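Asks: Got a predicted structure plus its sequence, pasted below:
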Amino acid sequence: MITLTTDFGLKAPYVGEMKGAILSINPEVELIDITHSITRHSILEGSFVMEQIVKYYPKGTIHVGVIDPGVGTSRRALIIEGSQFLIVPDNGLATLPLKHITPKAAYEIDIGKMEGIIGRKISTTFHGRDVFGPAAALLELGYEPSRLGEEIDMESIIKLDLKPKKSGDAWLLKVIYIDEFGNVILGLEDYEKPTYIEVKSIRIPYKDTYGEVGKGELLALPGSHDYLEIAVNQGSAAEILEVNVGDELEVKLVY
């Protein structure tokens, strides 16, 4: 089983081309579209989405992530092997899903080897179709990752800096995702439940679910993804707070 997470969108032929490249190698594989609507070039958003996916897929699933503004440069193409596989560019996309796959080894895909295996020239601008997709198809057929590239030091994999930081009695937290409802998901897990939080001089009550405040009112809550979340009952917290993915917010938890 192979899952696909990209920022390709649905208008262009890119998703279809990548699937065709996979199926031409491995016609029987099951392909799962997670999303192709990651905000263009948003590595952090893609990392969050892949993190949520790996939590719920079975062992051995192969997850391809292509949010790759550095395609064709010296950035590495990776296979990360654990309880599941990640096939991603080495640009930080692996940061969050890595926490859940018990990684045991990583490999840099050798472009020359891949060209020989798939029997055609690899584009410098479309590694989703020519590198990541075919690598996933081959792994699913039983290829050992070492046949596709050299093992690398796990510590050398690029990680995004998402660690919460203290600023006096507050936290500096990254906005790691904003969903279709405008809910703002912050990079803080495993915290003691507060009475309320303060953000941008706004006092926001901490509740367990959206319906515990009036329509249009802000609340903070433990989101379904285990991160601190700010929402509005039937409204958009992102619009009210004027924040985007990647912004850093000073958040005070008050008990």
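Replies: Noted; the coordinates are in hand. This one's a predicted model, so the numbers in the text were calculated from it and none came from an experiment.
Asks: Mind listing what's buried along the strand or helix carrying Ser24?
Replies: For Ser24, the host element (DSSP states H and E) is helix 14-25. Going by neighbour count (16 or more other CB atoms under 10 Å), the buried part of helix 14-25 is Tyr14, Val15, Glu17, Met18, Lys19, Ala21, Ile22, Ile25. Quick note: C-beta positions are derived from backbone N, CA and C, even for glycine.
Asks: How about stretch 230-247?
Replies: Buried, per 16+ other CB under 10 Å, within stretch 230-247: Ile230, Ala231, Val232, Asn233, Gly235, Ser236, Ala237, Ala238, Ile240, Leu241, Val243, Val245.
Asks: do stretch 24-35 as well
Replies: By 16+ other CB under 10 Å, the buried positions in stretch 24-35 come out as Ile25, Asn26, Val29, Leu31, Ile34, Thr35.
Asks: Look up how far Ala237 lies from Asp226.
Replies: According to CB to CB, to the nearest Å, Asp226 and Ala237 sit 18 Å apart.
Asks: Give the burial count for the residue lying closest to Lys159 once chain neighbours are set aside, as a bare number.
Replies: Residue nearest to Lys159 in three dimensions, not counting chain neighbours: Thr95, with 4.7 Å by CB to CB, 6 or more residues apart in numbering. The tally of other residues near Thr95 (other CB atoms under 10 Å) stands at 23.
Asks: do the same with Asp90
Replies: With other CB under 10 Å as criterion, Asp90 counts 21.
Asks: could you give the mean pLDDT of the longest strand along the chain?
Replies: Longest strand in the chain, counting residues (DSSP state E): strand 170-178. On average, the pLDDT along strand 170-178 is 97.
Asks: Can you mark which positions in that strand are buried?
Replies: Within strand 170-178, the residues scored as buried using 16+ other CB under 10 Å are Ala170, Trp171, Leu173, Lys174, Val175, Ile176, Tyr177, Ile178.
Asks: contacting residues around the last one?
Replies: In other words, Ile178. Ile178 sits next to Val184, Ile185, Ala238, Val243, Asn244, Val245 when contact means CB atoms under 8 Å, 6 or more residues apart in numbering.
Asks: Mind pulling up the pLDDT for the fifth one?
Replies: Right, the one you point to is Asn244. For Asn244, the model assigns a pLDDT of 97.
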